[in-house]
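**Student:** sequence? don't have it. structure:
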C-alpha cells in the first residue's frame, strides 16, 4: 500500500515544519488504519482495531477458524450515540455471547461521516468506529457514496469477506435467527434484505433491496469496489451513479449483472413499524421467533426486544429443550376418500338448543345420570367398542320404556357414527378419546346453540342464568395484560401456586401471569366458559405427585365473578367441564395424534388463536362441578403429559406470534394451522387429514342448514 502525506506537508516555510513533522508522525502512527487519496480527499479512517466479536483477540483475524466472514457496517450519525450504545448493549452483546456457536465470524463497525471530539472519545472507549470522512451532510444526500466507500474499505481491508452488510443504527437484529437465515442463503452473489419490487416506487425504476439492511456477497461487493464512483457526467453501464439513496443506488449498480441472487425476505423483516402503536407486550417475547430484524426501533424497543433469550435446542450436560422450530416437511398425503355420497346425514333425532356431549367406556356414572335428568338439555353419548351395549347402557340411565328420554338422549353407536359421519369415522381411530369429535358434530348438526363438553366423572353443569348479557365479571386491568394468565389463584386454590393442566411449567412461579384484575359489566361475546372443578381439580401429574390433592377452591359462583380473559391472552382449558357457545363450535376439534391428556389442551390453545382473531372471549368460572376422578396411575399420567411439560410454552408463543402478526395475510386457516403445527412436531400427519375431514363435514352441515 502506498501511503501519501497530506498536502500540508508540501507547504514551504519553517513555521510549517512542526506541522509537517506532526502529520508524518500521525501517518506512521496510524499506518495500519489510515488511508488518504491522491486527490486530497479523505478515504475511510479506521481508528479502531479489528472488531471481530468471535475472538478474545480483537486485533487479529483467526487463521484457524474456517467459518465464513460476515462484516457489518452500521451507518450512524454523530448525535446518535444513544442508538449506538443501545445496539452495543442489546443485539451486539448477543453476538458476543454466542460467538462460538454462530455460523459466521463477525466483524462490525459503526460508520460515521467525520470524527469529532466526542466520537473520538467514544471510539477510544469502544474501539468500533470507522470514519468515512464524507463531507456530504443531510438526509438522503449521497448515501450511495457512503455505501461505495464501505464496500471499498471491505475490499481492501477484509478480502476474504463472504458477506458484506450495511444497516442503519435503528435496526434491531435477532442474531441467531438472522445468521441462521443468512447461512441458508449464503452465496458470493447474494443480494438480500427487504425487497422493493414495485419498480414504480423506486427512484431508478429498478427493483432493489432497502438500504436500512442490505447484504451482498463477495463477488458483488468486489465488483462495486473495482468500479468508478461518478458524481457527474456518468456512464450508467460503467460508472456508479448515486441516486442519493443507498438502496436504489446499489440496485442500479447491480442491475447490469444477470447473475445476482436476489433474495427479498419481506415476511421475516419488520419495516418502519411504530411499536408504540401496537401491543408490544405481546411482541416482546415472541418477535424473534418469527422475524429476523426490526427497522425503526426506538431505544426502548431495542431493550425490550433484547429480553428475548434464544432457545437452545440441545446441551450435552443438561439435556435438550423443544424448540418449536420447523423440523419436518409436509409429506404427500393420500387424498380424503370421495366415495361417500354425503359427509353428514341427519337421523330422526329432533333438534335441541342445548346439548351435552360425553364419550365413555363405563356404565352410566352419577354425572351422566344427572345430565340425563336435566330439563331443557339433550345428551349424546358417543360410544366406542368398549362401551356397554346401547340397551344395557340406556336401561341403567332409566330410559327403559320411557319414550320421553328418546327425544333428549342419544346413544351414538359406532355403527351409527360410521353411517352418519362417514368421513370423520374413517379418519378417527376407534378406542380413542378423539371419537368425541363425532359427538360434537352430531350436536352441531342437531341445531345446538350451546354444547356442554364434559367427562363422565364430572358431576354438575354451569348455570346459564349467570351468563345472561350483560353479566358481572372480572377482567385484566389495563396495562396488566400478558400472553399467559393462570386463572387458578384468583379462585383461591389451596396452595400458594396452583395451576391448571397444560399451563407452561416455566411460568408457574411467574407473577406476570397473575395480573391485577378489575370488575366490569361491559358486554363481551363469550365463546367458551371453563368451569373449575372441586374435589379433584384439573391439575397435572407433577402437581398431584408434589402437592395435596384433593382440594376445593375457596371461590363459589356467589363470591367470585367469572374471569374473562382479554383478547390475546392464553390459558389452558379442558374437555371435562366446558360450555361452548355457537361462535366457537368450529374450533371444538380434538387432535387425534397426541395422548388424550394433551389433546384437549392443544385444542384449547388452538381454539383461542381463532377466537382472538374474532374478538370472542374465553371465561373461567368458580366450580359448578365436582370431579369424582376415575382411577388413574400418576406415573402413567406423567408420561402421557410429557408434551404439555415440554411444548406448551413454545406452542403459546407460536400461536400468539401468529395472532399478532403484522400482516393480515399471515393469518392461518384451520387446516393451514394444523399443517404448521405438524412441521413443528406438535401433532402428526394424521391430524392434518382430520382437520380437513372436520372442516369438510362442518361445511356440509352448514350448507344443508
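**Tutor:** Structure's in. What do you need? The model shown is predicted, which means the values in this text are computed figures rather than measured ones.
**Student:** CA only for contacts and neighbour counts going forward, please
**Tutor:** Noted.
**Student:** quick one: the helices in the stretch 1-150 of the chain?
**Tutor:** 17-29, 81-89, 91-97, 117-126, 143-157 (DSSP state H, counting those that start in this stretch).
**Student:** quick one, the second one and helix 117-126 angle?
**Tutor:** Yep, that's helix 81-89 we're talking about. Helix 81-89 and helix 117-126 meet at an angle of 10 degrees, taking axes from the mean of the first three to the mean of the last three C-alpha atoms, to 10 degrees as the criterion.
**Student:** elements contacting helix 81-89?
**Tutor:** helix 299-305 (3 or more C-alpha pairs under 8 Å, 6 or more residues apart in numbering; DSSP states H and E).
**Student:** from the contact counts, what lies against the helix it packs on?
**Tutor:** helix 81-89.
**Student:** other residues contacting the helix it packs on?
**Tutor:** For helix 81-89, the surrounding residues in contact (C-alpha atoms under 8 Å, 6 or more residues apart in numbering) are 76, 93, 110, 169-170, 172, 299, 302-303.
**Student:** looking at the helices of the stretch 1-150 of the chain, which has the lowest confidence?
**Tutor:** Mean pLDDT is lowest for helix 17-29 among those, at a mean of 39.
**Student:** okay, buried residues for the helix or strand where residue 369 lies please.
**Tutor:** Element membership of residue 369, judged by DSSP states H and E, is helix 366-372. Neighbour counts using 16 or more other C-alpha atoms under 10 Å place 366-369, 371-372 of helix 366-372 among the buried residues.
**Student:** in the chain, which helix or strand is least confident?
**Tutor:** strand 34-36 (a mean of 31; mean pLDDT, DSSP states H and E).
**Student:** was I right about residue 143 contacting residue 250?
**Tutor:** No: using C-alpha atoms under 8 Å as the test, residue 143 is too far from residue 250 to be in contact (9.9 Å).
**Student:** ok, residue 100 to residue 685 distance?
**Tutor:** 36 Å (C-alpha to C-alpha, to the nearest Å).
**Student:** who's more crowded, these two?
**Tutor:** Between residue 100 and residue 685, counting by other C-alpha atoms under 10 Å, residue 685 is the more crowded of the two (19 against 13).
**Student:** how about that one, phi and psi?
**Tutor:** phi -60, psi -30 (degrees, to the nearest 10).
**Student:** next up, the contacts around it.
**Tutor:** Applying C-alpha under 8 Å, 6+ apart, the residues near residue 685 are 593, 678.
**Student:** that older thread, what mean pLDDT does the helix holding residue 369 get?
**Tutor:** Per-residue scores along helix 366-372 average to 95.
**Student:** give the contact list for residue 487.
**Tutor:** Contacts of residue 487 by C-alpha under 8 Å, 6+ apart are 499-500, 514, 563, 571, 620.
**Student:** got the phi/psi numbers for it?
**Tutor:** phi -80, psi -20.
**Student:** any figure for the gap between the nearest residue to residue 228 once chain neighbours are set aside and residue 102?
**Tutor:** Excluding the flanking residues, the one nearest residue 228 by C-alpha to C-alpha, 6 or more residues apart in numbering is residue 239, at 5.2 Å. Noted for residue 239: a distance of 37 Å to residue 102, by C-alpha to C-alpha.
**Student:** helix, strand or coil for residue 162?
**Tutor:** With DSSP: H, G, I helix; E, B strand; the rest coil as the basis, residue 162 sits in strand.
**Student:** how about residue 336?
**Tutor:** Going by three-state DSSP: residue 336 is coil.
**Student:** and it, how many residues sit next to it?
**Tutor:** 13.
**Student:** go on, the one 5 residues further on?
**Tutor:** The local packing of residue 341 (other C-alpha under 10 Å) involves 8 other residues.
**Student:** mind checking the SS state of it?
**Tutor:** Strictly by three-state DSSP, residue 341 counts as coil.
**Student:** local confidence estimate at it?
**Tutor:** So residue 341 comes in at 84 (pLDDT).
**Student:** could you do residue 140 as well?
**Tutor:** 51.
**Student:** how near is residue 694 to residue 419?
**Tutor:** Residue 694 is 16 Å from residue 419, by C-alpha to C-alpha.
**Student:** how many residues are close by residue 232?
**Tutor:** Around residue 232 there are 9 residues (other C-alpha under 10 Å).
**Student:** pLDDT score assigned to it?
**Tutor:** Confidence score, pLDDT, at residue 232: 70.
**Student:** circling back: which one of residue 694 and residue 419 has more residues nearby?
**Tutor:** residue 694 (25 against 18).
**Student:** residues contacting the more buried one?
**Tutor:** 424, 589.
**Student:** at 10 Å instead, please
**Tutor:** 343, 423-424, 427, 437-438, 441, 586-589, 670-671, 687-688 (C-alpha atoms under 10 Å, 6 or more residues apart in numbering).
**Student:** then residue 209?
**Tutor:** So residue 209 contacts 191-197, 215, 246-251, 262-265 (C-alpha under 10 Å, 6+ apart).
**Student:** not counting sequence-adjacent ones, nearest residue to it?
**Tutor:** Closest to residue 209 by C-alpha to C-alpha, 6+ apart is residue 195, at 4.5 Å.
**Student:** for the one you found, phi and psi?
**Tutor:** Here residue 195 shows phi and psi, under degrees, to the nearest 10, equal to phi -90, psi 140.
**Student:** re earlier: just put the contacts of helix 81-89 in TSV and tack on distance to residue 353 and neighbour count.
**Tutor:** As requested, the contacts of helix 81-89 are exported to TSV (distance: C-alpha to C-alpha, whole Å; neighbours: other C-alpha atoms under 10 Å):
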residue	distance to residue 353	neighbour count
76	65	19
93	60	16
110	67	22
169	60	26
170	57	23
172	53	27
299	55	19
302	52	23
303	52	18
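**Student:** tabulate those residues (JSON lines), appending distance to residue 506.
**Tutor:** Rendered in JSON lines, the data for those read as follows (distance: C-alpha to C-alpha, whole Å):
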{"residue": "76", "distance to residue 506": "39"}
{"residue": "93", "distance to residue 506": "25"}
{"residue": "110", "distance to residue 506": "38"}
{"residue": "169", "distance to residue 506": "34"}
{"residue": "170", "distance to residue 506": "32"}
{"residue": "172", "distance to residue 506": "26"}
{"residue": "299", "distance to residue 506": "28"}
{"residue": "302", "distance to residue 506": "24"}
{"residue": "303", "distance to residue 506": "22"}
